[in-house]
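Peer 1: Any chance you can model this:
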Amino acid sequence: MKSMQKNQSLDNLSRDSGVMEMESRSGHSRSGSNATSCYSNDTGFNDQQFFTDPILIIDRLGFKRKFCHFNVKSLIILLSILLSLLALILYGYLPMIVQKIIQSIIKIEPSGEFYDFWQQSKEPTEVGLHFFHIENPWAVEQGLEPLKVKETGRYFFKQQFVRDVNSFNADQSLVNFTERRFFYFDEVKTKLSLDDNITIVNVPFAALSSIVPKYIDENFLFSSLLYHGFNDFIREKNHRQQLFINTTVRQLLYGYRLNMLDTMSSIEKFFKGFGLKIDLVPKELFPNEKFGILNGRNGTPDGPYEMFTGFKDTHHKFGYIKTWKNKTKLNFWKSHSCNAINGSDGTIWPAGIKISDRLNFFIPDICRSLYVTFQEKSFYKGIPTYLFSAPDGVLAGKYTNPENECFCIEEEEDLAKQRCIDGIFDLSGCQNGVPVIVSLPHFLGADSRITDEIIGLEPDPTKHRPELHIEPTMGLVIHGDSRLQMSIRVTPNENMIGFNKLRKELYIPIFWGYKKLGMSDETAANLHRRLFTPVKTIKAVLIFFMVCGLIISSYGFVRWILLNKIIAFFNQSALNHEESQKIKNKLLESTESESIIPRVESETSDLGDLKNEPNSFPDFSSHSSMIEMASLIQSNETYI
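Peer 2: Residues are numbered from 1 along each chain as shown. All right, here's what the predicted structure looks like:
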């Protein structure tokens with residue numbers, strides 16, 4: 001009776017402990033139930049496990065039954081992964097999306113928001129002029145000393161422009177317009193007077209050193225007679241000229257009356273008597289018979305221009321100039337590449353500027369296009385920009401930069417006499433032979449043959465190199481400093497008074513100027529509010545979703561690994577439980593037949609040295625020890 005009660009007690013205890021245990025690898029309940037398994041037969045995990053969890057319950061008869069319910073956490077993990085992937089894709093395509101939106105907004109159309117900004121300057125552009133005062137004019141003219149110059153200025157101006165639209169073409173892809181620029185002297189900021197005296201080169205007279213020999217030297221029969229007649233005119237009191245003149249800044253800017261023009265007219269009539277029709281100094285270079293830097297420029301229409309508006313798939317050419325003065329190309333230079341009207345006006349470019357881009361812009365005053373290249377990433381008033389600047393090769397000679405070979409008008413076999421050299425650009429090809437020279441301020445980067453003959457130059461890349469801060473997404477110039485210098489070349493000539501004592505060919509600087517494009521604080525704040533703040537917000541949201549998705553998916557992955565380990569642990573525990581159950585059954589059977597000792601000794605002998613190890617099995621020499629063994633196994637089951 002006692003034995004039967006003991007067996008029933010052990011069975012009940014085994015059934016109760018089954019509520020705590022995991023199922024075996026077969027996936028069926030130990031009670032024989034055929035409920036659907038949540039785990040596979042071989043690994044303890046299948047494709048349903050990630051979305052389902054097992055529930056073990058005991059029915060009224062005490063049998064265990066397993067059910068599977070939907071796992072909401074797993075669904076959340078899956079959705080988080082998909083959301084993070086979507087956020088990653090959108091983050092990668094965000095610049096392109098923003099660029100497409102900007103292209104749809106920034107167009108030249110009368111009803112567009114950008115039109116007013118393009119048509120008329122809302123904020124004045126700052127212009128500064130620096131003049132080169134000649135300190136030793138007489139010594140230079142006599143060939144006694146090299147040229148000594150001293151920079152004077154700066155004289156500040158405010159510049160505003162107006163673009164008068166003539167028409168749009170049929171598909172709105174091109175706009176035809178003329179441009180007027182207005183200059184206003186800023187007395188408050190300048191701190192100097194326009195009536196300050198200054199000594200500069202006599203530009204019209206200096207030009208004769210290059211123009212006259214072209215006509216006279218071709219006529220060998222009368223060359224000496226023509227030079228003699230030229231010198232007689234220069235000696236006359238009414239036509240007496242010198243290489244340098246003293247004037248005021250006001251006259252230099254707005255123009256002074258050229259008595260030299262009367263002299264030139266007389267010389268032209270003299271040459272005409274020998275059958276030579278010459279135009280010493282074209283009148284269009286001296287409007288109103290005056291010479292001045294701003295003479296004929298203040299408010300005078302320039303153009304017409306044709307510019308791409310960004311419509312009809314022309315967004316990649318937005319702002320580019322197609323024609324100038326009804327010409328698609330120039331005719332001053334030796335090849336198509338140099339005569340090409342290439343680039344924008346220097347204030348706008350197509351949206352989506354890249355670091356590798358070379359940005360071209362057309363400058364009508366110098367009859368050619370220049371370019372800038374990327375230097376570094378920068379900020380202007382909190383706006384991220386690309387800093388573009390003119391590289392050394394843009395004004396290099398043909399030997400340094402072969403692209404500039406077609407700008408070289410005068411070819412010289414003797415390298416010492418070669419004029420197409422580094423650091424300068426000769427405009428005589430588009431100025432009717434007048435040897436106007438363009439360079440960077442203070443001849444920055446120019447050949448030593450130029451700079452060695454001038455004392456007082458202080459070239460500084462940080463002050464004299466052109467720079468443009470461009471917002472790459474929009475292609476707009478946020479801040480810019482355009483810097484160029486104008487000089488004139490003077491050539492020695494032993495047959496001409498005024499040039500017969502010069503030591504060497506001189507490049508005499510006249511002035512250098514800069515044009516500063518700036519954005520007001522109000523405009524910068526508006527740009528932040530309408531473009532950069534929304535883009536930053538979208539980026540932050542996408543990054544947030546990516547990080548959250550990564551965290552949740554990592555949690556799910558770790559959870560999956562731990563779950564498999566737990567399942568493997570309990571499966572192994574179930575196997576250990578079956579083995580221990582077999583031993584328990586054998587012990588119970590041996591107790592009933594009262595022959596437990598021989599069989600236990602036989603079974604324990606098969607366990608090898610376990611019997612002799614401490615804390616392995618209790619002593620089986622008595623009936624009480626056997627009951628102790630059964631209780632120990634039973635307690636181990638409960639623990640498992």
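
Peer 1: Am I right that N342 falls within a strand?
Peer 2: No: remark: N342 does not belong to a strand; assigned using DSSP: H, G, I helix; E, B strand; the rest coil, it is coil.

Peer 1: burial of the closest residue to it other than its chain neighbours, as a residue count?
Peer 2: Across the structure, with Cβ to Cβ, 6 or more residues apart in numbering as the measure, the residue nearest N342 apart from its sequence neighbours is S369 (4.1 Å). Just so you know, the C-beta spots here come from the backbone N, C-alpha and C atoms, and that holds for glycine as well. A total of 20 residues lie near S369 under the criterion other Cβ atoms under 10 Å.

Peer 1: Let me know the next secondary structure element after the helix or strand containing S369.
Peer 2: Assigned by DSSP states H and E, S369 belongs to strand 368-380. On the C-terminal side of strand 368-380, the closest following helix or strand by DSSP H and E is strand 383-389.

Peer 1: Only C-alpha atoms, please: export the helix or strand harbouring T178 in PDB.
Peer 2: In this structure, T178 is located in strand 174-185 according to DSSP H and E. Taking Å, rounded to 0.1, in the frame of the first residue of the first chain, the C-alpha atoms of strand 174-185 are listed here in PDB:
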ATOM      1  CA  LEU A 174      15.500  81.700 -73.600                       C
ATOM      2  CA  VAL A 175      15.200  85.300 -72.500                       C
ATOM      3  CA  ASN A 176      16.500  88.300 -74.500                       C
ATOM      4  CA  PHE A 177      17.500  91.300 -72.400                       C
ATOM      5  CA  THR A 178      19.900  94.300 -72.100                       C
ATOM      6  CA  GLU A 179      21.700  95.200 -68.900                       C
ATOM      7  CA  ARG A 180      22.400  98.600 -67.300                       C
ATOM      8  CA  ARG A 181      24.700  99.100 -64.400                       C
ATOM      9  CA  PHE A 182      24.700 102.200 -62.200                       C
ATOM     10  CA  PHE A 183      27.600 103.300 -59.900                       C
ATOM     11  CA  TYR A 184      27.200 105.600 -56.900                       C
ATOM     12  CA  PHE A 185      30.200 106.900 -55.100                       C
END
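
Peer 1: Mind giving me the packing neighbours of the very next helix or strand once past it?
Peer 2: Later in the chain than strand 174-185, the nearest helix or strand by DSSP H and E is helix 187-190. Taking 3 or more Cβ pairs under 8 Å, 6 or more residues apart in numbering; DSSP states H and E as the contact definition, the neighbouring helices and strands of helix 187-190 are strand 147-168.

Peer 1: picking that back up, what angle separates the strand holding T178 from strand 147-168?
Peer 2: Between the axis of strand 174-185 and that of strand 147-168 there is an angle of 140 degrees, by axes from the mean of the first three to the mean of the last three Cα atoms, to 10 degrees.

Peer 1: quick check: mean pLDDT across strand 174-185?
Peer 2: Model confidence over strand 174-185, given as mean pLDDT, is 93.

Peer 1: picking up where we left off before, what residues sit buried inside the strand holding S369?
Peer 2: Across strand 368-380, burial judged by 16 or more other Cβ atoms under 10 Å covers 368-372, 374-375, 378, 380.

Peer 1: Alpha carbons of it, as PDB, please.
Peer 2: What follows is the C-alpha trace of strand 368-380 in PDB, where atoms were taken according to Å, rounded to 0.1, in the frame of the first residue of the first chain:
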ATOM      1  CA  ARG A 368      36.500  86.100 -73.100                       C
ATOM      2  CA  SER A 369      35.300  83.500 -70.600                       C
ATOM      3  CA  LEU A 370      37.200  82.700 -67.400                       C
ATOM      4  CA  TYR A 371      36.700  79.900 -64.900                       C
ATOM      5  CA  VAL A 372      37.000  79.000 -61.300                       C
ATOM      6  CA  THR A 373      37.700  75.600 -59.600                       C
ATOM      7  CA  PHE A 374      36.800  74.200 -56.200                       C
ATOM      8  CA  GLN A 375      39.100  75.000 -53.300                       C
ATOM      9  CA  GLU A 376      37.400  74.000 -50.100                       C
ATOM     10  CA  LYS A 377      34.100  73.700 -48.300                       C
ATOM     11  CA  SER A 378      33.200  76.800 -46.300                       C
ATOM     12  CA  PHE A 379      30.400  78.700 -44.500                       C
ATOM     13  CA  TYR A 380      29.000  82.200 -45.100                       C
END
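
Peer 1: tell me the contacts of V188?
Peer 2: Residues touching V188, when contacts are defined by Cβ atoms under 8 Å, 6 or more residues apart in numbering, are absent altogether.
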